[in-house]
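Engineer: Sequence and computational prediction follow.
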Amino acid sequence: MAHRYDSVFVSSLGHSGSTLLDFLLGTGGHAVSLGGWKCVWQRPRAEVTAQTCSCGAPALDCSFWGVLIPRLPEGRSRGPANVVLHDTFAELFPGRIMVDSSKDANHLIEHVSRRRTLVLHVSKDVRSWACRWMDRPNRAGKRKGGLTLIREWHRRETAAVRRTRGMVDGTDWMQIVYDDLVLGIEAEAERINRRTGVDLIDTSVPFTSGEHHILYGNSMKGRTDGRIRYDARWLGRSDWLVPYLLVPRARRYNEALRRGEAPGQGD
């Protein structure tokens with residue numbers, strides 16, 4: 001069967017479920033998950049080659065990255081690096097769909113210009129997202145407060161939706177909610193498979209069972225049990241409550257997401 005798409009680009013804010021979705025998209029055997037490609041060409045070569053791929057091999061021993069990395073041009077030029085990516089992927093995985101979870105819309109244009117691309121924008125409930133980032137200190141050891149984070153979530157979410165939707169045809173963009181994906185995996189898999197015209201996600205197998213070569217993703221890239229777990233830590237906390245009530249625009253947007261009423265959810 002001919003694939004309706006040649007690539008899938010996963011857009012999201014950090015810690016919103018993009019790595020999980022990246023893995024899932026490879027379970028049907030039609031796609032290969034590559035994680036955050038932007039980190040591979042952006043970061044120093046020594047750091048990249050020190051990574052271990054999700055396939056279990058060191059970067060330079062990986063059947064994909066071991067071929068691609070030596071071909072990368074010197075410097076950090078996105079255009080030439082993407083030529084290498086697409087040419088190497090086509091050589092090693094002919095007829096397969098490329099999954100890139102680089103998140104940032106700046107990296108989407110390179111895929112759109114070369115392949116028919118479906119954008120899956122993943123959003124996480126702002127209460128869970130804010131709690132995750134409240135616990136994460138920055139490089140100076142400081143943490144952002146809930147009010148700042150909830151405002152930031154709303155601003156960045158709406159900007160990402162606006163930008164990514166504007167870069168593809170309206171039928172080539174879908175909104176995915178992390179909470180629905182984890183708690184209602186069968187329904188979300190069916191929705192994604194119906195849009196792509198092929199069974200990208202197979203919910204009967206562990207999410208790590210597909211072909212994946214993820215150098216940069218969250219800590220789950222090293223897991224082998226294949227079990228999906230919902231991040232429910234925010235349910236036992238209340239430090240998000242007052243900030244959530246004080247930012248009505250973010251609250252309304254979040255509640256629309258949870259009701260399935262945001263753009264791209266009614267497909």
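Structural biologist: Structure received. Residues are numbered from 1 along each chain as shown.
Engineer: show me what contacts Pro70?
Structural biologist: Taking C-beta atoms under 8 Å, 6 or more residues apart in numbering, we find Pro70 in contact with Leu60. Where C-beta positions appear, they are placed from N, C-alpha and C, glycine not excepted.
Engineer: ignore the last one, His3
Structural biologist: Residues in contact with His3 (C-beta under 8 Å, 6+ apart) are 30, 95, 97, 196-198.
Engineer: Wasn't it part of a helix?
Structural biologist: No: judged by DSSP: H, G, I helix; E, B strand; the rest coil, His3 forms no part of a helix; its state is coil.
Engineer: still on that earlier bit, just the buried members of the contacts of His3?
Structural biologist: Among the contacts of His3, those that count as buried by neighbour count (16 or more other C-beta atoms under 10 Å) are 30, 97, 196, 198.
Engineer: Show me those that map onto strands.
Structural biologist: Using DSSP state E, the members of the buried ones among the contacts of His3 that fall in strands are Ile97.
Engineer: any chance of the buried ones among the contacts of His3 in JSON lines, with distance to Ala50 too?
Structural biologist: Listed next are those as JSON lines, based on distance: C-beta to C-beta, whole Å:
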{"residue": "His30", "distance to Ala50": "31"}
{"residue": "Ile97", "distance to Ala50": "29"}
{"residue": "Thr196", "distance to Ala50": "35"}
{"residue": "Val198", "distance to Ala50": "35"}
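Engineer: Which one of the buried ones among the contacts of His3 is nearest to Asn218?
Structural biologist: Of all those, Asn218 sits closest to Ile97, with 21.9 Å by C-beta to C-beta.
Engineer: Report pLDDT for that closest one.
Structural biologist: Note on Ile97: pLDDT of 96.
Engineer: pretty sure it contacts Asp22?
Structural biologist: No: applying C-beta atoms under 8 Å, one finds Ile97 not in contact with Asp22, separated by 12.0 Å.
Engineer: was I right about Thr117 contacting Arg4?
Structural biologist: No: counting by C-beta under 8 Å, Thr117 sits too far from Arg4 to count as a contact (10.8 Å).
Engineer: ok, those two, which is more surrounded?
Structural biologist: Between Thr117 and Arg4, counting by other C-beta atoms under 10 Å, Thr117 is the more crowded of the two (24 against 14).
Engineer: Going along the chain, name the strands of this structure.
Structural biologist: Remark: strands assigned in the chain by DSSP E are 7-12, 31-33, 97-100, 117-123, 173-177.
Engineer: ok, residues contacting the helix or strand of the chain with the lowest mean pLDDT?
Structural biologist: One helix or strand of the chain scores below all others by mean pLDDT, DSSP states H and E: helix 108-112, with a mean of 84. Applying C-beta under 8 Å, 6+ apart, the external contacts of helix 108-112 come out as 7, 9, 11, 78-79, 82, 98, 100, 102, 117, 119, 164, 167-168.
Engineer: Give the burial count for the nearest residue to Gln42 once chain neighbours are set aside, as a bare number.
Structural biologist: Using C-beta to C-beta, 6 or more residues apart in numbering and skipping the chain neighbours, the partner closest in space to Gln42 is Arg76 (5.6 Å). A count of neighbours around Arg76, defined by other C-beta under 10 Å, yields 13.
Engineer: Where does the prediction get shaky in the stretch 151-267 of the chain?
Structural biologist: Scanning the stretch 151-267 of the chain for pLDDT under 70 picks out the ranges 219-226, 266-267.
Engineer: just to revisit the earlier point, distance from the least confident helix or strand of the chain to the middle of the chain?
Structural biologist: In terms of C-alpha atoms, centre = their mean, to the nearest Å, the centre of helix 108-112 is set 15 Å apart from its chain centre.
Engineer: Give the buried residues for it.
Structural biologist: Neighbour-count burial for helix 108-112, counted by 16+ other C-beta under 10 Å, picks out 108, 110-112.
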